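Engineer: no sequence for this one, just the structure:
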């Protein structure tokens, strides 16, 4: 006759859950912040390159609507959306989104407004160089103004 043996496997997950963990949450957040801070200089350099490319593209625009140019400018300014927020430049990100919206509205209307685009690019330059930290109320006013400019073209003509 044979004997019955009961075998209970050890569950590794249960054992890991009972074991003390690695870093505390506060330490992990602090390290992540330091890592993001180290990327800020590189982020600023990339955003300055985006600004220069956008300004060069907008400078080539004529008085009439050019679908290819609008698509090119949109590709330039939409690509880095989200990056400035990660680098602590949320105002720059908001300005990029507003410019992308404006270009989308202009494309829908098949029209061009060089002044509206120029205002967005100048605001982008200002927010990038001041990093939006100097004057929170001023930054909020700039972003509200950009939103109004973009929304002017959101409405049907």
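Structural biologist: Perfect, thanks for sending it. Quantities reported herein were computed from a predicted structural model and do not represent experimental measurements. Residues are numbered from 1 along each chain as shown.

Engineer: going forward, measure contacts between C-alpha atoms and count neighbours the same way
Structural biologist: Fine.

Engineer: Can you tell me the closest non-neighbouring residue to residue 48?
Structural biologist: Spatial nearest neighbour of residue 48, excluding adjacent residues (CA to CA, 6 or more residues apart in numbering): residue 128 at 7.7 Å.

Engineer: does the one you found really touch residue 92, like I thought?
Structural biologist: Yes: counting by CA atoms under 8 Å, residue 128 touches residue 92, with 6.3 Å between them.

Engineer: More neighbours: which of these two?
Structural biologist: Neighbour count, other CA atoms under 10 Å: between residue 128 and residue 92, residue 92 has more, with 27 against 20.

Engineer: residues of the helix or strand encompassing that one that come out buried?
Structural biologist: Residue 92 is part of helix 90-109 when elements are defined by DSSP states H and E. Of all the residues in helix 90-109, those buried under the rule 16 or more other CA atoms under 10 Å are 90-107.

Engineer: same thing with stretch 37-52?
Structural biologist: For stretch 37-52, by 16+ other CA under 10 Å, it's 40, 43, 44, 47, 48, 50, 51.

Engineer: doesn't residue 87 make contact with the first one?
Structural biologist: Yes: the pair residue 40 / residue 87 is scored as a contact, 5.4 Å apart, by CA under 8 Å.

Engineer: and the angle for the longest helix seen in the chain with helix 90-109?
Structural biologist: Ordering each helix of the chain by length in residues (DSSP state H) puts helix 25-59 first. Counting by axes from the mean of the first three to the mean of the last three CA atoms, to 10 degrees, helix 25-59 lies at 40 degrees to helix 90-109.

Engineer: Which neighbouring elements make contact with helix 25-59?
Structural biologist: With contacts defined as 3 or more CA pairs under 8 Å, 6 or more residues apart in numbering; DSSP states H and E, the packing partners of helix 25-59 are helix 67-78, helix 83-86, helix 114-130.

Engineer: average pLDDT across the second one?
Structural biologist: With pLDDT averaged residue by residue, helix 83-86 scores 83.

Engineer: quick one: low-confidence ranges for this structure?
Structural biologist: Applying pLDDT under 70 to the chain picks out residues 1, 36, 131-135, 155-157.

Engineer: Fine, thanks again, bye for now.
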